[in-house]
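Engineer: Next comes the sequence, and after it the predicted model I'd like to discuss.
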Amino acid sequence: MTTRSQNVPRATRAPLRVGMISRKRLERLARQDSATGAPPERFDGEPEPSTPTVQAIQAHANGYARREEQRFFSRIDAELTEYRMLTRALDDDIAAYEMKTDELAPPDREEIAEGHGPTFEELRRLERRISRGRRRRDELRAVIHARFTAARLRASRYYDHSDEKIAIYWGAYRRSGTRDRTVDHAPVLRRSDWLTTTEQTKLLELWQGRTDAQT
């Protein structure tokens, strides 16, 4: 008797590959761009040389990264709302707990030391509520972190795929024609800031404890 595995989503880790049809198309575009006689230029102050085909690949990769960013926000909307409300509630509970412990009268301190009395029970309820809130907050942070990491990996994977397209295109572009090329190296795609920055950005702040990031 066999058992069926649960239908869980799986994200392949294999890199995207440029197929033969896409490779032939890129080589054809390279020959066409070379035949026009327009040398690779730096458009609008871009740091890397570019051609219309390179710009199209760049725009397509940027669009994919933007869709991943929007999909990430749409998928964590409920968790993010709960996280923000929970964080505010935790702040209020911690402030109330600290205020009550700072203003304890000597008889109340004795009751707490002995483990009985209304003040002791009230502080215990606050402690349990704070503990539950912290556990749930950590769970939500883990969910947001996992979904952000998945979105970041998918977007980075697509940029890697686009870099491979650029390499194929640029190799064919340099082989086409007889004119000297003023630029030897292939263009490097610019990646979205949320994929490259090492500082806390709006997206990273969501799972690092910041609650003021706006979507």
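Structural biologist: Structure's in. What do you need?
Engineer: looking at the chain, which helix or strand is least sure?
Structural biologist: Lowest on mean pLDDT, DSSP states H and E among the helices and strands of the chain sits helix 202-207, with a mean of 53.
Engineer: State the next helix or strand along the chain beyond the longest helix anywhere in the chain.
Structural biologist: Counting residues, the longest helix found in the chain (DSSP state H) is helix 118-175. Later in the chain than helix 118-175, the nearest helix or strand by DSSP states H and E is helix 193-196.
Engineer: Output the contacting helices and strands for that next one.
Structural biologist: Here helix 193-196 touches helix 52-75, helix 118-175, helix 202-207, going by 3 or more C-beta pairs under 8 Å, 6 or more residues apart in numbering; DSSP states H and E. Where C-beta positions appear, they are placed from N, C-alpha and C, glycine not excepted.
Engineer: Which positions in it come out as buried?
Structural biologist: Buried residues in helix 193-196, counted by 16 or more other C-beta atoms under 10 Å: W194, L195.
Engineer: Just give me how far it sits from the chain centre.
Structural biologist: Offset of helix 193-196 from its chain centre (C-alpha atoms, centre = their mean, to the nearest Å): 8 Å.
Engineer: Quick one: mean pLDDT over that helix.
Structural biologist: Averaged across helix 193-196, the pLDDT comes to 74.
Engineer: now do stretch 68-87
Structural biologist: Per-residue scores along stretch 68-87 average to 88.
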